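Novice: Generate coordinates for the sequence data below:
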Amino acid sequence: MREVTATGQTIEQAVQNALQQLSSTKEEVEIEVIEDSKKGFLGLFGGKPAKVLVVKKQTLIEKAYEYLSNIVKSLDETAEIQYEVQNQKEQSFLFTIKGEKVALIIGKRGNTLNALQFLVQTFVNRHSKQLIHVTVDAENYRLKRKESLEILAKKAAQTVIKTKKAVSLEPMPSFERKIIHHILTDMPNISTKSVGQDPYRQLVIDLKKPIKG
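Specialist: The predicted structure follows:
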């Protein structure tokens with residue numbers, strides 16, 4: 001239920017009746033007074049109660065869902081999107097997409113999915129006073145991609161150790177570069193750094209340079 005028309009002896013009472021039905025607070029709704037209360041003749045006959053229309057405001061994640069849906073539906077009319085707030089304190093939003101054309105939505109190496117995530121992230125933080133992290137996933141792609149990046153990172157590191165030459169990985173978004181950097185943090189002889197400009201910024205894996213004493 002997103003809106004309710006309620007009555008009461010006063011406008012305030014009508015509003016409270018509506019809020020109770022919507023399980024909301026005044027800060028979460030918009031209130032329109034349809035009719036003020038009227039006293040009857042001699043205060044006894046023909047009186048009318050106050051009437052209000054109370055509408056729940058869209059939450060930020062609901063606005064983001066609507067924004068993402070409009071884009072995704074243009075790619076796949078069968079697509080369904082589920083959403084949830086993963087972390088109330090740090091405000092992290094997760095959107096999960098299912099559909100017949102999920103491969104199109106993911107794109108090559110997740111490029112389309114990453115673009116969707118960037119768009120929603122930008123939209124959300126344009127409407128928020130605090131930084132909100134957004135993840136857009138489809139058919140568990142993010143987990144599969146993370147597993148692939150772990151394999152890629154370890155193979156590249158082994159190549160660097162063996163050849164003693166730096167290895168440059170393909171361009172990837174910052175959150176994927178962070179995954180690889182985190183994976184290789186525990187390798188004492190390996191260093192990682194990002195070079196170039198987005199969207200062509202890439203990670204370079206190299207041997208740590210000895211500290212000169």
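Novice: Hmm, Glu90 and His133 touching each other?
Specialist: Yes: here His133 reaches Glu90: they are 7.2 Å apart, a contact under C-beta atoms under 8 Å. The C-beta positions use only the backbone N, C-alpha and C, and glycine is treated the same way.
Novice: neighbour count winner among these two?
Specialist: His133 (15 against 11; other C-beta atoms under 10 Å).
Novice: What is the longest helix of the protein by residue count?
Specialist: helix 141-163 (DSSP state H).
Novice: what's the helix or strand that comes right after that helix packed up against?
Specialist: Later in the chain than helix 141-163, the nearest helix or strand by DSSP states H and E is strand 167-168. On a contact count with 3 or more C-beta pairs under 8 Å, 6 or more residues apart in numbering; DSSP states H and E, strand 167-168 meets helix 141-163, strand 202-207.
Novice: could you dump stretch 147-158 to PDB, C-alpha only?
Specialist: What follows is stretch 147-158 as a C-alpha-only set of coordinates in PDB (Å, rounded to 0.1, in the frame of the first residue of the first chain):
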ATOM      1  CA  GLU A 147      36.700 -16.300  -9.100                       C
ATOM      2  CA  SER A 148      38.100 -15.700 -12.600                       C
ATOM      3  CA  LEU A 149      40.100 -12.700 -11.400                       C
ATOM      4  CA  GLU A 150      41.600 -14.700  -8.600                       C
ATOM      5  CA  ILE A 151      42.900 -17.200 -11.000                       C
ATOM      6  CA  LEU A 152      44.100 -14.500 -13.400                       C
ATOM      7  CA  ALA A 153      45.900 -12.700 -10.500                       C
ATOM      8  CA  LYS A 154      47.700 -15.700  -9.300                       C
ATOM      9  CA  LYS A 155      48.800 -16.800 -12.800                       C
ATOM     10  CA  ALA A 156      50.100 -13.300 -13.600                       C
ATOM     11  CA  ALA A 157      52.000 -13.200 -10.300                       C
ATOM     12  CA  GLN A 158      53.600 -16.500 -11.000                       C
END
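Novice: Work out the gap between it and the centre of the chain.
Specialist: Computed by C-alpha atoms, centre = their mean, to the nearest Å, the chain-centroid distance of stretch 147-158 equals 27 Å.
Novice: what mean pLDDT does it have?
Specialist: Averaged across stretch 147-158, the pLDDT comes to 96.
Novice: Okay, buried residues for it please.
Specialist: 149, 152-153, 156-157 (16 or more other C-beta atoms under 10 Å).
Novice: neighbouring contacts of it?
Specialist: With contact meaning C-beta atoms under 8 Å, 6 or more residues apart in numbering, stretch 147-158 is reached by 167, 169, 176, 179-180, 183-184, 187, 190, 205.
Novice: can you check stretch 107-114 too?
Specialist: Contacts for stretch 107-114 (C-beta under 8 Å, 6+ apart): 75, 104-106, 115, 136-138, 141, 145, 170, 172-173.
Novice: ok, now which ones touch Thr135?
Specialist: With contact taken as C-beta under 8 Å, 6+ apart, Thr135 is in contact with 86, 92-95, 117, 142.
Novice: Looking at these, which are in strands?
Specialist: Counting by DSSP state E, these place 86, 92-95 in strands.
Novice: Quick one: the helices in the chain, in order.
Specialist: Secondary structure of the chain by DSSP H: the helices cover 11-22, 60-75, 102-106, 111-126, 141-163, 174-184.
Novice: Centre of the chain to the first one, how far?
Specialist: In terms of C-alpha atoms, centre = their mean, the centre of helix 11-22 is set 32 Å apart from its chain centre.
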